[in-house]
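Trainee: Model the structure of this input:
(one chain, ligands or ions: 4)
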Amino acid sequence: MKLGELLAKAGLAGGGDQSVTGFAIDHRKVAPGTVFGAFEGASVNGEDFIRPAIAAGAIAVVARPEARVEGALHLADVNPRRAFARLAAGFFSPVPATLVAVTGTNGKTSCVEMTRQIWRMAGERAASIGTLGVTTPDGSVSTGLTTPDIVTFLSNMSGLAREGVTHVAYEASSHGLSQYRNEGLMVSASAFTNFSRDHLDYHGTMDAYFAAKMRLFTEVVAPGSPAVIHDAGDGSEWTAKAIAEAEARGLKVLSVGEGGTFLRLVSREPGQLGQVLHIEYEGDTRKVNLPLIGAYQAANALVSAGLAMATGVAPSTVFEALTRLQPVRGRLERAALNQAGAPVYVDYAHTPDALEAAIAALRPHVAEGGKLIVVYGAGGDRDAGKRPQMGEVAARAADIAIVTDDNPRSEDPAAIRAAIMAGAGPNTREVGDRRAAIAVAVGEAGANDIVLIAGKGHEQGQIFGSGETMRIEAFDDVEVARECAGGQC
Ligand SMILES: CC(=O)N[C@H]1[C@@H](OP(=O)(O)OP(=O)(O)OC[C@H]2O[C@@H](n3ccc(=O)[nH]c3=O)[C@H](O)[C@@H]2O)O[C@H](CO)[C@@H](O)[C@@H]1O[C@H](C)C(=O)N[C@@H](C)C(=O)N[C@H](CCC(=O)O)C(=O)O
Ligand SMILES: Nc1ncnc2c1ncn2[C@@H]1O[C@H](COP(=O)(O)OP(=O)(O)OP(=O)(O)O)[C@@H](O)[C@H]1O
Ligand SMILES: N[C@H](CCC[C@H](N)C(=O)O)C(=O)O
Ligand SMILES: [Mg+2]
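Mentor: Numbering: from 1, shown residues only. Ligands and ions are numbered 1, 2, ... in the order given. From the prediction side, this is the model:
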């Protein structure tokens, strides 16, 4: 494809009849004919790699006007990440016709997974992209990030189209949105799950974090497209703001949940392995047996139902599909029963709000006189302010809490635990080694108790160190829970 054609497609100034062979944002991936995106990053400045990128064959460089580009076309833009995304989107085409994006603090992975499942049950060739990787009708591949970098994202999309995939649901993380990692495509519908504290190490303030998420509505999605917004009916100011932002852009707001008007959750009765939902849609109330526990999973199922309906799946097919949803890996996954018969659950809760939601999901399942025992930690090199809040939530909502390590990265694990303990109460103790902490909880749980191991969900390793010294030790909460339950810890 000629550079001039791509520029015209993206509505950018300039011409050129050189053939473009690919796109790269890392100079080490540049080959002859590549367009290089030079961005100022959180750890280094990509503009420092312009010369080596040109030496490796870059024919054009998308960079700020003040960057120095010699020996290749300088595609200058005050927002080079956005310009690069638009240009690259012209190259990586066609892409699947139906694309939906999900943002929110918690629930993105769950919603893209459930939306994919509903589409599949409706007979579509569907895929999802997010924390669990790229999941297609034929399998799953990990990408390492929730929202992959823009080149990986766009090339994945065109690869999926070549495989005949027509429907893709993807997670739009706040990091991804603020770095323009998923742009330039015609997004047919979007969703907002909820908003609470996380990632303030990166965004600084809750308002800046929220603004990053709102880019999905204000800049990424197609004008006039449907926006599914979860409304818990709790008067959340963030939900109201999200609705206002979507409406201001002219999106068609479809609110779902207890406070929803499109799909209203009238009631919810927890059962042994699932729950009965009464959902009002267009004036009729339908009873749905959802085979997943917890209010949070009901919320995510409703958002996913909204997205499926917004993209043309018949309502009756959607309601039927909800009764056949498969659990999402590492989200309230029932991993084992210990020798006394206590169930051990694994969940990916790694924010105060998620911890509260995961504990609340299990509370109705604790037998009379039983205790809920939670094992959890907080990641290193991530928002430190959430640590005491997690300590407070776990101490209040669970009966016994054990603070342990969860990806310390470059930080001192003892200091992370101390920060959590600062917010915790007398029912909380500290067992640094994660396997030992799980062994204590599983060993102590009696017949009426429930154990929740939170924070790592599907993760397969414990991350120590960073950069050159980073090492990942194999660790799977589900596997360790099973070993401990079998007395092999
Ligand atoms: C803070 C953050 O999000 N960093 C991500 C981001 O880095 P950045 O743009 O700031 O890049 P940088 O490393 O400073 O480098 C600047 C530029 O120079 C380029 N470069 C760099 C070195 C070199 O030798 N040559 C070169 O060309 C880089 O490719 C980059 O374009 O872009 C990089 C390339 O895409 C990512 O690998 C990197 O993810 C880091 C590893 C990371 O840990 N990210 C986490 C925090 C993250 O993004 N998490 C969200 C979380 C989700 C959630 O909880 O909701 C996610 O979406 O996964
Ligand atoms: N709708 C929800 N409301 C509150 N908590 C939720 C909700 N959905 C999920 N959670 C909690 O958040 C955890 C992570 O869920 P999920 O992986 O779906 O979220 P995510 O937004 O993709 O997270 P990440 O930002 O890490 O990618 C769950 O294990 C659960 O504890
Ligand atoms: N067990 C994890 C969860 C991380 C979730 C991720 N999305 C992030 O914050 O980067 C940790 O804190 O390391
Ligand atoms: Mg996710």
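
Trainee: going forward, measure contacts between C-alpha atoms and count neighbours the same way
Mentor: OK.

Trainee: Now do L292 against R268, distance only.
Mentor: Shown here: L292 relative to R268, a distance of 12 Å by Cα to Cα, to the nearest Å.

Trainee: now S316
Mentor: Distance from S316 to R268, by Cα to Cα: 20 Å.

Trainee: more crowded one of L292 and R268?
Mentor: Ranked by neighbour count (other Cα atoms under 10 Å), L292 and R268 place L292 first, with 27 against 19.

Trainee: Surely the more buried one touches G274?
Mentor: Yes: proximity of L292 to G274 meets the contact threshold set by Cα atoms under 8 Å, at 4.4 Å.

Trainee: For A378, give its distance to ligand 3.
Mentor: 5 Å (Cα to the nearest ligand atom, to the nearest Å).

Trainee: need the contact list for that residue.
Mentor: Contact analysis of A378 by Cα atoms under 8 Å, 6 or more residues apart in numbering lists 350, 387, 405-408, 416-417, 420, 455.

Trainee: Next: H27.
Mentor: 36, 49-50, 52-53.

Trainee: What about these, which one has the most neighbours?
Mentor: Of those, with other Cα under 10 Å as the count, F36 tops at 31 neighbours.

Trainee: mind pulling up the phi and psi values for that one?
Mentor: phi -100, psi 130 (degrees, to the nearest 10).

Trainee: Tell me the bridge partners for it.
Mentor: A24, V61 (DSSP bridges).

Trainee: Next up, the contacts around it.
Mentor: 23-27, 30, 50, 53, 58-62.

Trainee: From A85, how far off is it?
Mentor: F36 is 11 Å from A85, by Cα to Cα.

Trainee: just I118 next, same as before
Mentor: 30 Å.

Trainee: hmm, the longest helix along the chain in reach of ligand 4?
Mentor: With secondary structure taken from DSSP state H, the chain has its longest helix at helix 295-310. No: applying Cα under 5 Å from the ion, one finds helix 295-310 separated from ligand 4 by no less than 12.5 Å.

Trainee: before we move on, what about stretch 166-180?
Mentor: No: Stretch 166-180 does not reach ligand 4 (Cα under 5 Å from the ion); its nearest approach is 6.6 Å.

Trainee: Can you show me the helices along the stretch 251-400 of the chain?
Mentor: With DSSP state H, counting those that start in this stretch as the criterion, the stretch 251-400 of the chain has helices at 295-310, 315-322, 352-362, 386-397.

Trainee: hey, which of those helices is tucked in deepest?
Mentor: helix 295-310 (a mean of 26; mean count of other Cα atoms under 10 Å).

Trainee: Does anything pack onto that helix? Which helices or strands?
Mentor: helix 108-121, strand 189-192, strand 226-230, strand 252-257, strand 263-270, helix 315-322, helix 352-362 (3 or more Cα pairs under 8 Å, 6 or more residues apart in numbering; DSSP states H and E).

Trainee: Not counting its neighbours along the chain, what's nearest whichever residue of the stretch 201-350 of the chain sits closest to ligand 4?
Mentor: Ligand 4 sits closest to Y348 of the stretch 201-350 of the chain, with a gap of 9.2 Å, by Cα to the ion. Spatial nearest neighbour of Y348, chain neighbours left out: G457 (4.0 Å); criterion: Cα to Cα, 6 or more residues apart in numbering.

Trainee: distance of the one you found from L132?
Mentor: G457 is 10 Å from L132, by Cα to Cα.

Trainee: just I279 next, same as before
Mentor: For I279 relative to L132 (Cα to Cα), the value is 29 Å.

Trainee: likewise R116?
Mentor: 13 Å.

Trainee: How about K108?
Mentor: 11 Å.

Trainee: do the same with D48
Mentor: Applying Cα to Cα to D48 and L132 gives a distance of 33 Å.

Trainee: So between those two, which is more surrounded?
Mentor: When D48 and L132 are compared for neighbours, L132 comes out ahead with 23 against 15, by other Cα under 10 Å.

Trainee: Could you pull out the helices in the stretch 101-250 of the chain for me?
Mentor: 108-121, 150-162, 174-178, 200-203, 206-215, 237-248.

Trainee: didn't E333 look like it was pressed against V346?
Mentor: Yes: contact criterion Cα under 8 Å: E333 and V346 qualify, at 5.1 Å.

Trainee: of these two, who's got more company?
Mentor: It is V346, of E333 and V346, that has more neighbours when counted by other Cα under 10 Å, with 28 against 21.

Trainee: Contact partners for that one?
Mentor: V346 neighbours (Cα under 8 Å, 6+ apart): 330-335, 452-454, 456-457, 477-478.

Trainee: For those residues, work out which two are farthest apart.
Mentor: The largest distance within the contacts of V346, taken as Cα to Cα, falls between R334 and K456 and amounts to 14.0 Å.

Trainee: of those two, who's got more company?
Mentor: Between R334 and K456, counted using other Cα under 10 Å, K456 has the larger neighbour count: 26 against 19.

Trainee: What confidence value was assigned to that one?
Mentor: You'll see K456 listed with a pLDDT of 98.

Trainee: Kindly report the same for the one 3 residues further on.
Mentor: The score at E459 is 97. That number is its pLDDT.

Trainee: So it is in contact with D476, correct?
Mentor: Yes: between E459 and D476 a contact is recorded at 6.3 Å, counting by Cα under 8 Å.

Trainee: Quick one: neighbours of R417, just the number.
Mentor: The burial count for R417: 26, using other Cα under 10 Å.

Trainee: Would you mind confirming that it is in contact with D405?
Mentor: Yes: taking contacts as Cα under 8 Å, R417 lies within contact range of D405: 7.2 Å.

Trainee: Now do the shared contacts for the two.
Mentor: Common contact partners of R417 and D405 (Cα under 8 Å, 6+ apart): 377-378, 432.

Trainee: How many neighbouring residues does E368 have?
Mentor: 9.

Trainee: On the three-state scheme, the nearest residue to it once chain neighbours are set aside is what?
Mentor: With sequence-adjacent residues excluded and distances taken as Cα to Cα, 6+ apart, E368 is closest to N448, at 7.1 Å. Of the three states, N448 takes coil according to DSSP: H, G, I helix; E, B strand; the rest coil.

Trainee: ok, N448 to G341 distance?
Mentor: In this view, N448 and G341 are 8 Å apart by Cα to Cα.

Trainee: show me what contacts the residue in the stretch 1-150 of the chain positioned nearest to ligand 3?
Mentor: Going by Cα to the nearest ligand atom, ligand 3 is nearest to T146 of the stretch 1-150 of the chain, at 6.7 Å. Residues in contact with T146 (Cα under 8 Å, 6+ apart) are 129-133, 171-173.
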